[in-house]
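Asker: Sequence and predicted model, in that order:
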Amino acid sequence: MARKNPSTSPSIPLAEKAYLQLKDRILTLQLRPGRFLNELTLSEMLGIGRMPVHQAVQRLRVEGLVEVIPRKGLVIRPDSLKDMLSLLEARLAMEPNISALAAQRASKSQIVALKKIVMDSKRIVNQTERMSFMSLDRAFHALIGDAAGNKILADAQRPLHERSELIWQLRVMREDGLVVNQREHMNIFTAIAERDANAARKSMEDHLHSLHNRILEGSMDL
């Protein structure tokens with residue numbers, strides 16, 4: 001499943017295009033954490049004017065992906081391991097309840113779509129394909145957010161999950177990490193499909209605790 005890139009659409013505003021392209025480059029580490037840049041450099045890099053790039057940078061600053069240094073430029077925020085673990089703690093405070101709501105409110109078509117994502121992910125077991133799995137992981141959690149039927153919660157969850165995608169680039173996951181994620185996603189899906197809110201909440205809690213612990217264990221080998 002290829003990762004969709006809406007920034008290539010000719011119909012979206014330039015500020016949105018700049019935002020999406022910069023965000024993608026940050027989350028995939030094409031723009032490395034700690035790198036010092038300025039808006040002129042980014043404008044030339046993207047082939048987009050200074051004002052749309054400025055607007056995009058301000059959005060990225062609000063999301064915590066860049067730090068703006070007045071009259072000097074900006075720095076790609078160096079999300080440390082501690083930051084990654086803090087992000088997972090923040091998700092843990094939110095996503096189990098989102099999953100419980102999804103179990104109560106998901107439509108039949110959303111449940112079918114969740115099942116397809118889980119089934120597609122089962123074909124990806126090698127860490128060399130982890131970026132393909134990352135796309136499915138994003139789609140899985142985003143769909144659960146939509147299925148919860150609360151746009152405010154879904155909008156609050158999305159940037160936390162997107163920033164967590166740096167985990168896939170940092171290579172702190174153990175070798176069987178994809179298989180473990182698949183099993184945990186299946187547990188979450190099953191609970192939602194069976195309309196069991198308590199089990200959905202518990203399965204998401206277990207998944208995020210597991211991810212937290214696996215990252216912590218993997219970091220000891222770095």
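Answerer: Ah, there it is.

Asker: neighbours around Arg91, how many?
Answerer: 22 (other C-beta atoms under 10 Å). For the C-beta atoms, the positions are set from N, CA and C on the backbone; glycine is no exception.

Asker: what's the answer for Gly49, then?
Answerer: 12.

Asker: Does it touch Leu42 like I think?
Answerer: No: Gly49 sits out of contact with Leu42 when judged by C-beta atoms under 8 Å, with a separation of 10.8 Å.

Asker: which residues do those two both contact?
Answerer: Contact criterion C-beta atoms under 8 Å, 6 or more residues apart in numbering; residues shared by Gly49 and Leu42: none found.

Asker: what's the distance between Ile98 and Met186?
Answerer: 18 Å (C-beta to C-beta, to the nearest Å).

Asker: which one of the two has more residues nearby?
Answerer: Ile98 (25 against 16).

Asker: check contacts around Asn38.
Answerer: Per C-beta under 8 Å, 6+ apart, neighbours of Asn38: Lys72, Gly73, Leu74.

Asker: Would you convert those into CSV that also reports secondary structure, neighbour count and pLDDT?
Answerer: As requested, the contacts of Asn38 are exported to CSV (DSSP: H, G, I helix; E, B strand; the rest coil; neighbours: other C-beta atoms under 10 Å; pLDDT from 0 to 100):
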residue, secondary structure, neighbour count, pLDDT
Lys72, coil, 9, 85
Gly73, strand, 17, 91
Leu74, strand, 20, 92
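
Asker: And the pLDDT for the residue with the largest distance to the centre of the chain?
Answerer: In the chain, counting by C-alpha atoms, centre = their mean, Arg71 sits farthest out from the average C-alpha position, at 31.0 Å. For Arg71, the model assigns a pLDDT of 82.

Asker: can you give me phi and psi for it?
Answerer: For Arg71, the backbone dihedrals (degrees, to the nearest 10) come out as phi 60, psi 10.

Asker: ok so Val75 is a helix residue?
Answerer: No: using DSSP: H, G, I helix; E, B strand; the rest coil, the secondary structure at Val75 is strand, not a helix.

Asker: Apart from its chain neighbours, what residue comes closest to Leu136?
Answerer: Sequence neighbours aside, Ser121 is the residue nearest to Leu136 in space, at 4.6 Å (criterion: C-beta to C-beta, 6 or more residues apart in numbering).

Asker: right, and that neighbour touches Val180 too?
Answerer: No: using C-beta under 8 Å, Ser121 is not in contact with Val180, being 11.8 Å away.
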